[in-house]
Each structure stands twice: as structure tokens, then as C-alpha cells.
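Visitor: What follows is a predicted protein model with its sequence.
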Amino acid sequence: MPFSIDGQSLTMTLSIGVAIHPVDGNDASQLLRQADAAMFYAKSNGRNTFTYYTESMNRDATRRLLIEQQMYGALERGEFYLFYQPQIELATGKMIGAEALLRWQNDQLGPIGPDEFIPVAEQTGLIVSIGEFVMHSAIKMASKWQALQPDFRMAINLSPCQFRDPGLLGFVEQQLLQYPVQPNTLELEITEGVLLSGYLMTDELFQSFTAKGIEMAMDDFGTGYSSLSYLRRYPFAILKIDRSFINDMTTDPADRELVNASIAMAHGLGLKVVAEGVETEEQANSLKIMNCDYVQGYYFSKPITPDELISKLENYVHE
């Protein structure tokens, strides 16, 4: 349950790892290691839960250690890069922007998915420098794309650790000074997990970004517990409906109603709506009937390279 300190709402979570004698170990040292592995597993699977140790966790822990070791120096080696997934305005079919998506290709481990490396980057603190790389690269590319389409939007994800970084606002301001991008075409996406962290500067940071015209988006809407209260409290401009609801909306009446209600609610609050994970024509048509503003997903385009996106923009401009 949230509690208040100096007017700020804070929420604490508890993650527990459980190891049982003698199944998981014969001495205290071994049992503590196994319990610790189980605790990290609980943290990486949503936090605020408990997990019993299993042998597979040792394999997972070894894999995590390898990822952590390779992550140090990965930026300097140029192993991180960005793909971009176009966002489409449903009413017109126009490509109005893109979301920057981080990828990692390591010489020893091969391609590593964000679901694996982002939690490690968060836990080690490396996410701050990696996030700055994403911000710099995405804004730089947006400046090139806006030469073709001045109102082209760029959506960038912020992790909880990035959001709490005292240098975040200054770094964003620096990038906007370096590259000619209109602040109102920049969209910063955060999940409910960012707000649950209880960061004391949250209100001030929101005010600073919105005062500059930068739009804030709530990502993965519907997957948390307090999303509605946060939409009322903070000046979000965009709501992104999680793909888990879009997946089954054409076959599950409950999901369909939830999506429809979310769109209507967001519009009532003055927010634009982006539906993620649109993979079929039926989903796209249903969302259009519901007056969803924007969509992204494999039905329209997979994540693509910067050059591929420029080609799409050039083709659109010359049509």
C-alpha cells in the first residue's frame, strides 16, 4: 500500500528468494547462494513476489553474469544499435513517427534481446550511459527525418534508473540544442514501474519536460495496478495500450471492451492513444472503429533500420 512522505506517494515492494534444506543445499553458505539466485529471479519477474529456487536459476545466473561482463565496454565497441518501428495515424494511413528500439549484437554471445540485457543494465547502473546513447542517436536521426517531414515524431523509452538520473533533463536539453528537433515531436515513454519507484523529483521532472513542449507517454497501459490514478495525477499526453490486450481483442470480448474503454477514457482526459502490437488487418480495422489515434506493429511494419525508414519517408513524400 502506498504511503506518503512530505506529500510524495511512495510504494515499497518486497522480493523474496526461498531455498529449502536439504533439497537445495546442505550448508548455510550454499542455501544463501541459492536463495539469492531465487531473489534475483523474483526481482527480474516483476518484483514484489517470492520465488522458490530451482536448478535452472544457476544457469540463468551464469548467463546473467556473462551478459554483465560483456556489457562493460559494449558501447565503446559499438555493439549497441537502434531499430525503429513506424507509428501510423489510423485515420489517414500516414506514418507520423517511430519508436526507437535498442538492439545488442555481441561478438561472443551473439544477438541478445532487450528482455535479457535491460534488467542487467538496470541493476548495474549501465542503463544511464546506454540510455544516453539511445537518446543521442534517436534525436540525431529524428533531425534528419524531419528534413523530409517536419512533424515526424520520435518516441524514446525511459527506464526507472534513467528517470531518476539527476542529469536526465540537462542531457535532453543538450541534445535538443545540438540537433534541430522540435521539442513537441519528442515523446518520452515511461511505464508505471517508473512512477512506483517513488522518485521525489517526479513532479518537477514532469513539469520541466512538459514546459518545454516534450510529450510524456504512459507505456504498457493496463499491465499495472495504479495506471488510472497516475493518468489523473501526471500530465501525460499519450497513452500506449499494451500489446497483450491487442493480441486477443478480436476473439476475447473482455479484451475488446477494455481496449474500447481505454481509448474512450484517454480521449476524455485529452490524451492521444497508441495501440502496440497490431499484427492483423482485423485488429487494425477494429481499432479504427474505436477511434484509436495511432498504431504500431508488424501488420504495418516490423522494426527497421534508419536507412529503411528514410526510404519509407522518401517514398511517402514523393507519392
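Guide: The structure has been received and is ready for your questions. Just so it is clear, the structure is predicted and the values come from calculations on it, not from any experiment.

Visitor: got the buried residues for the longest strand seen in the chain?
Guide: As assigned by DSSP state E, the longest strand anywhere in the chain is strand 94-106. Within strand 94-106, the residues that qualify as buried are 95-102, 104, 106, counting by 16 or more other CB atoms under 10 Å. For every residue, glycine as well, the C-beta is placed using N, CA and C.

Visitor: Now for those: which two are most distant?
Guide: Largest separation among the buried residues of strand 94-106 by CB to CB: Ile96 and Asn106, giving 33.6 Å.

Visitor: With just CA atoms, put stretch 132-142 into PDB.
Guide: The C-alpha trace of stretch 132-142 is given here as PDB (Å, rounded to 0.1, in the frame of the first residue of the first chain):
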ATOM      1  CA  GLU A 132      22.100   8.500 -23.300                       C
ATOM      2  CA  PHE A 133      23.400   6.600 -26.300                       C
ATOM      3  CA  VAL A 134      19.800   5.900 -27.300                       C
ATOM      4  CA  MET A 135      18.700   9.400 -26.700                       C
ATOM      5  CA  HIS A 136      21.500  10.900 -28.700                       C
ATOM      6  CA  SER A 137      21.200   8.500 -31.600                       C
ATOM      7  CA  ALA A 138      17.400   8.800 -31.800                       C
ATOM      8  CA  ILE A 139      17.300  12.600 -31.700                       C
ATOM      9  CA  LYS A 140      20.100  12.800 -34.200                       C
ATOM     10  CA  MET A 141      18.100  10.600 -36.600                       C
ATOM     11  CA  ALA A 142      14.900  12.500 -35.900                       C
END
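
Visitor: Tell me the one of the buried residues of strand 94-106 nearest Glu281?
Guide: Checking the buried residues of strand 94-106 against Glu281 by CB to CB gives Met95 as the nearest, at 17.4 Å.

Visitor: Which of the three states applies to the residue lying closest to that closest one once chain neighbours are set aside?
Guide: Spatial nearest neighbour of Met95, chain neighbours left out: Pro86 (4.9 Å); criterion: CB to CB, 6 or more residues apart in numbering. Secondary structure state of Pro86, per DSSP: H, G, I helix; E, B strand; the rest coil, is strand.

Visitor: quick one on the thing from earlier: show me what the longest strand of the chain packs onto, helices and strands only.
Guide: Other elements packing on strand 94-106 under the criterion 3 or more CB pairs under 8 Å, 6 or more residues apart in numbering; DSSP states H and E are strand 80-89, strand 110-112, helix 114-124, helix 127-145, strand 153-157, helix 306-318.

Visitor: try it again with 7 Å
Guide: Secondary-structure packing of strand 94-106 (3 or more CB pairs under 7 Å, 6 or more residues apart in numbering; DSSP states H and E): strand 80-89, strand 110-112, helix 127-145, strand 153-157, helix 306-318.

Visitor: and stretch 18-25, which residues are buried?
Guide: In terms of neighbour count (16+ other CB under 10 Å), stretch 18-25 has its buried residues at 19, 24-25.

Visitor: Where does confidence bottom out across these?
Guide: By pLDDT, Asp24 ranks lowest within the buried residues of stretch 18-25, coming in at 77.

Visitor: ok so it is a strand residue?
Guide: No. The assignment for Asp24, made by three-state DSSP, is coil rather than a strand.

Visitor: That one touches Gln34, doesn't it?
Guide: Yes. Here Asp24 reaches Gln34: they are 4.7 Å apart, a contact under CB atoms under 7 Å.

Visitor: between the two, what contacts are shared?
Guide: Tyr53 (CB atoms under 7 Å, 6 or more residues apart in numbering).

Visitor: all helices for the protein, in order.
Guide: Along the chain, counting by DSSP state H, helices occupy 28-44, 56-71, 114-124, 127-145, 160-163, 168-178, 192-196, 202-211, 227-233, 243-247, 253-268, 281-289, 306-318.

Visitor: Tabulate these (TSV), appending mean pLDDT.
Guide: Putting the helices of the chain into TSV (pLDDT from 0 to 100) gives the following:
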stretch	mean pLDDT
helix 28-44	81
helix 56-71	86
helix 114-124	93
helix 127-145	96
helix 160-163	91
helix 168-178	96
helix 192-196	80
helix 202-211	93
helix 227-233	81
helix 243-247	92
helix 253-268	94
helix 281-289	97
helix 306-318	82
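
Visitor: any chance of these in JSON lines, plus distance to Asn184 and mean neighbour count?
Guide: Output for the helices of the chain, formatted as JSON lines (distance: least, CB to CB, whole Å; neighbours: other CB atoms under 10 Å):
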{"stretch": "helix 28-44", "distance to Asn184": "36", "mean neighbour count": "18"}
{"stretch": "helix 56-71", "distance to Asn184": "34", "mean neighbour count": "15"}
{"stretch": "helix 114-124", "distance to Asn184": "27", "mean neighbour count": "17"}
{"stretch": "helix 127-145", "distance to Asn184": "12", "mean neighbour count": "20"}
{"stretch": "helix 160-163", "distance to Asn184": "20", "mean neighbour count": "20"}
{"stretch": "helix 168-178", "distance to Asn184": "11", "mean neighbour count": "16"}
{"stretch": "helix 192-196", "distance to Asn184": "21", "mean neighbour count": "20"}
{"stretch": "helix 202-211", "distance to Asn184": "10", "mean neighbour count": "16"}
{"stretch": "helix 227-233", "distance to Asn184": "20", "mean neighbour count": "15"}
{"stretch": "helix 243-247", "distance to Asn184": "26", "mean neighbour count": "18"}
{"stretch": "helix 253-268", "distance to Asn184": "19", "mean neighbour count": "16"}
{"stretch": "helix 281-289", "distance to Asn184": "24", "mean neighbour count": "16"}
{"stretch": "helix 306-318", "distance to Asn184": "19", "mean neighbour count": "14"}
